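Trainee: kindly generate the corresponding structure for this input.
(one chain, ligands or ions: 2)
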Amino acid sequence: MSLLFCSETLKRADRLRSLAKKILKRLSRVLKINHHEHYPSASIGISIFPTDADSAEDLMKYSDSAMCLAKEMGRGGYQFFNEGLKAHADKMVTLETALSRAIVSGQLILHYQPQCDLRTGKTVGFEALVRWLDPVRGLIPPNDFIPVAEDTGLIIPLGEWVLHKACHGNKSWLDQGMSPMRMSVHISPRQFHHEGLLQMVQKTLKTSGLKPEFLELEITESSIMYDTNHAIEVMHRLRALGIDLAIDDFGSGYSSLLRLMDFPITKLKIDRGFVKNLGDDPNSNAFTKVILSLVRVLKLEVVAEGVENQEQADILIKNGCRTDQRYFYGRPQPWDQGRYPVTAKDLIDAPV
Ligand code: C2E
Ligand code: MG
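Mentor: Ligands and ions are numbered 1, 2, ... in the order given. You can find the predicted model right below:
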């Protein structure tokens, strides 16, 4: 929530502070919907007219930056706009302009990372990961621009490009004789709740000719934890197309394990944060075991992200996890540079 204030009427910062606190208190009341308790929260960014800016556009931009800071500071709080944030806000606008140019001028590329059988190391699928190849700055990782794309709505054309490219790519590799494998593609929260999502996915499958069983969409916990009924409906519709659905970075958000039963998903990807501490940290061990037993009960597939050593791999295998995705097996890279096993024969010969 961004708040703009006119200093004529609300001069004193303490008054703004107490108003922000009141709003936050009001918004944080427990909501009971369909017998479930929900705990809403809000973050507030405040910019003041005319101290911070004198146009509505700049005031919105600055209160937005202050709101982002409030979220970074732990959500549920408020922040005032300050000069330090001005540089950040201006940088965001520059980034947005450059990114929208990058999308139309073909500066986005896809890298692919193999997902492998934990015991044999054989490739069983791929994840498509977007990068921005800027002529001046070089290769820019997704974490540096996906949040801006998500905030500004650019994620809609960007996500459509990614899906198009990944589906056409997978179809052409299958046509060249690669063993049938699924390609995972990310769908961001904003894309997931966008009204055109289903149609876009259907159209892409049609134009690429890729069979739906070779496509998996990765969604985040945050996509399905708000407006849950709508999320479940969208998921059912996607599954009806024959597509698999994975929850990415599971455990990093606020998902309730119980709610998993309501979601028509096919796979969980265990967040690297848990895998990293396996062996050393009893809490990570216990949590991973709980997830893996639940996955067994719900008959879901599971992928562990970022396994770093044999001890972690052994714990995962012992508890029923079959697949992982990690630098050891291959960093994400462009298809033509990746030494991926692409034919059935290559797969049989893949190093164990
Ligand atoms: P993610 O989906 O969790 O992707 C896995 C990230 O972990 C990738 O980073 C990958 O390079 C990295 N990784 C894989 N194995 C290892 C390992 O063994 N050790 C370590 N330390 N890291 C490993 P990347 O490519 O920078 O992607 C970061 C995030 O950006 C992704 O996280 C995903 O959330 C987002 N992203 C990437 N492509 C897209 C896209 O097309 N659309 C959307 N909406 N998000 C994307
Ligand atoms: Mg992913």
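Trainee: could you use CA atoms for every contact and neighbour count after this?
Mentor: Fine.
Trainee: got the residues of this protein near ligand 1?
Mentor: 129-130, 141-143, 159, 162, 186-188, 249, 306-307, 325-327, 332 (CA under 6 Å from any ligand atom).
Trainee: narrow the residues you listed to those in strands?
Mentor: Secondary structure defined by DSSP state E assigns 129, 130, 186, 249, 325 of those to strands.
Trainee: most neighbours out of those residues, which is it?
Mentor: Each of those was scored for neighbours by other CA atoms under 10 Å, and residue 325 scores highest at 26 neighbours.
Trainee: dig out what the residue lying closest to that residue once chain neighbours are set aside forms beta bridges with.
Mentor: In this structure, residue 325 finds its nearest non-sequential neighbour in residue 115, 4.6 Å apart by CA to CA, 6 or more residues apart in numbering. The partner list for residue 115 in beta bridges (DSSP bridges) reads residue 125.
Trainee: count of neighbours near residue 115?
Mentor: 25.
Trainee: thought residue 223 was touching residue 191?
Mentor: No - the pair residue 223 / residue 191 is not scored as a contact, 9.0 Å apart, by CA atoms under 8 Å.
Trainee: between these two, point out the one with more neighbours.
Mentor: Comparing residue 223 with residue 191 by other CA under 10 Å, the one with more neighbours is residue 191, at 22 against 18.
Trainee: wouldn't the more buried one be in contact with residue 159 here?
Mentor: Yes - Residue 191 is in contact with residue 159 according to CA under 8 Å; the separation is 7.3 Å.
Trainee: one step back: make a ChimeraX selection of the buried ones in the residues of the chain next to ligand 1.
Mentor: ChimeraX command restricting these to the buried ones, with burial defined by 16 or more other CA atoms under 10 Å:
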select :129,130,159,162,186,187,188,249,306,307,325,326,332
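Trainee: walk me through the domains of this structure.
Mentor: Domain assignment for the chain, taken from automatic domain parsing, gives 2-81, 99-346.
Trainee: including distance to residue 90 and mean pLDDT, could those domains go into a markdown table?
Mentor: Conversion of the domains of the chain to a markdown table gives the following (distance: least, CA to CA, whole Å; pLDDT from 0 to 100):
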| stretch | distance to residue 90 | mean pLDDT |
| --- | --- | --- |
| domain 2-81 | 9 | 82 |
| domain 99-346 | 12 | 90 |
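Trainee: quick one: contacts for residue 313?
Mentor: 118, 307 (CA atoms under 8 Å, 6 or more residues apart in numbering).
Trainee: where does it sit, in terms of helix or strand?
Mentor: helix 310-318 (DSSP states H and E).
Trainee: from the chain's centre, how far out does that helix sit?
Mentor: Relative to the mean C-alpha coordinate of its chain, helix 310-318 is positioned 26 Å out (CA atoms, centre = their mean, to the nearest Å).
Trainee: which residues does the residue of the stretch 1-150 of the chain at minimum distance from ligand 1 bridge with?
Mentor: Closest approach between the stretch 1-150 of the chain and ligand 1, counting by CA to the nearest ligand atom: residue 129, at 3.6 Å. For residue 129, the beta-bridge partners are residue 111 (DSSP bridges).
Trainee: that one against residue 140, yeah?
Mentor: No - the criterion here is CA under 8 Å, and residue 129 misses it with residue 140 at 11.8 Å.
Trainee: now for these two: what residues contact both?
Mentor: With CA under 8 Å, 6+ apart as the test, residue 129 and residue 140 reach no residue in common.
Trainee: residues contacting residue 211?
Mentor: residue 205.
Trainee: 10 Å instead?
Mentor: 167, 170, 171, 182, 205, 241, 242, 243 (CA atoms under 10 Å, 6 or more residues apart in numbering).
Trainee: which stretches of this protein form helices?
Mentor: For the chain, applying DSSP state H gives helices covering 13-27, 56-72, 83-104, 146-152, 155-175, 189-192, 197-208, 221-225, 228-240, 272-276, 282-297, 310-318, 344-349.
Trainee: okay, now residue 196: neighbour count?
Mentor: Neighbours of residue 196 using other CA under 10 Å come to 11.
Trainee: could you report the separation of it from ligand 1?
Mentor: Using CA to the nearest ligand atom, to the nearest Å, one obtains 16 Å as the distance from residue 196 to ligand 1.
Trainee: for that residue, give me its contacts.
Mentor: residue 156.
Trainee: look up phi and psi at it.
Mentor: phi -90, psi 0 (degrees, to the nearest 10).
Trainee: residue 25 against residue 39, yeah?
Mentor: No - Residue 25 lies out of contact with residue 39 (CA atoms under 10 Å); the separation is 11.7 Å.
Trainee: give me the number of residues near residue 173?
Mentor: Neighbours of residue 173 (other CA under 10 Å): 17.
Trainee: isn't it up against residue 180?
Mentor: Yes - between residue 173 and residue 180 a contact is recorded at 9.1 Å, counting by CA under 10 Å.
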